[in-house]
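S.K.: give me a model of this one.
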Amino acid sequence: MGDRPSGEPVLIVEDEEDIARLLSFNLTEAGFQAEIAPSGEAALLAAPRLHPSVVVLDVMLPGLSGTEICRELRASPELADVGILIVSARGEEADRLVGFELGADDYVVKPFSVKEVVFRVRALARRTGERRQAATERDSGRRLIWRGLSVDPTRHKVEADGAPIVLRPIEFKLIHLFLSHPGQVFGRSDLLDEIWGGEGEISPRTIDTHVRRLREALGIYQDAVETVHGFGYRLRDP
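M.R.: Have a look, this model is predicted:
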């Protein structure tokens, strides 16, 4: 029991009362501080106050949809690093891809196993904690440079010619990984292990989507990430 979470906050955004209470009970039993928001509007009010480690997010909500909540969270400087687990009755690949496109970290289809949800929340909470701990550490002065692109690992900052670039957590992990290992080719299975820790049902198309989003965010430096056809991706020789 030594790895039980010490009260990390989890926001459950779910309008079905029975499901919300079931999740709240089991997450509380697992050591989390669980709070329920029955609508999208309530979630946007609760999230800045709670500053959760993980948001368990239903897609079909009254008022603001779960997809809109996902966008709002990722657009917030204070909440962009939160782990987002989408829980939805829509289980088609296209629905999952939309969720990941919007910035979700993981996706579970209803009806679900409560134990599985708790396991995934625990994994996301751990990754969120690692990101936040690294962000608060003192600056070691070590920056990773590629042409005019600069990555500060301790402050989780990326700059292009001195101008900040806003990246989602997955995209930041990708560019940090590539710049930390110049020239090394990473296959999709390698990226699954390095970025997602081998957890969750992540398809190759999802990995490609995150790489594409990273390139778009890098702007004039998008060619930093090179496709090695038939193998994977690597940092291009500058």
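S.K.: so which bits of the helix ranked longest in the chain are buried?
M.R.: Identified as the longest helix of the chain according to DSSP state H is helix 114-136. If you call a residue buried by 16 or more other CB atoms under 10 Å, then helix 114-136 has these buried ones: 114, 117-118, 120-128, 131. Heads up, the C-betas are built off the backbone N, CA and C, glycines and all.
S.K.: domain map for the protein?
M.R.: As given by automatic domain parsing, the domain ranges for the chain are 9-135, 138-235.
S.K.: then the least confident helix or strand in the chain by mean pLDDT to CSV, C-alphas only?
M.R.: Using mean pLDDT, DSSP states H and E, helix 93-101 stands out as the lowest-scoring helix or strand of the chain, at a mean of 81. Taking C-alpha atoms only, helix 93-101 is exported to CSV below (Å, rounded to 0.1, in the frame of the first residue of the first chain):
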residue,chain,number,x,y,z
GLU,A,93,-11.5,4.3,-33.7
ALA,A,94,-12.6,7.7,-35.2
ASP,A,95,-14.1,8.7,-31.8
ARG,A,96,-10.9,7.8,-30.0
LEU,A,97,-8.8,9.7,-32.5
VAL,A,98,-10.9,12.8,-32.0
GLY,A,99,-10.3,12.5,-28.3
PHE,A,100,-6.6,12.2,-28.7
GLU,A,101,-6.6,15.1,-31.3
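S.K.: what about A43, which SS state?
M.R.: Classification of A43 by DSSP: H, G, I helix; E, B strand; the rest coil places it in helix.
S.K.: so for V56, what's the pLDDT?
M.R.: In this model, V56 is scored at 97, pLDDT.
S.K.: grab the most central residue of this structure for me.
M.R.: D105 (3.9 Å; CA atoms, centre = their mean).
S.K.: look up phi and psi at it.
M.R.: phi -90, psi -30 (degrees, to the nearest 10).
S.K.: and it, how far is that from A163?
M.R.: 27 Å (CB to CB, to the nearest Å).
S.K.: if we can go back for a sec, the longest helix of the chain: what's the following helix or strand?
M.R.: Toward the C-terminus, helix 114-136 is succeeded by strand 144-146 as the next helix or strand (DSSP states H and E).
S.K.: partners of that following strand, with directions?
M.R.: Using DSSP bridges, strand 144-146 pairs in its sheet with strand 149-152 (antiparallel).
S.K.: centre of the chain to the partner strand, how far?
M.R.: Here strand 149-152 is found 20 Å from its chain centre; the criterion is CA atoms, centre = their mean, to the nearest Å.
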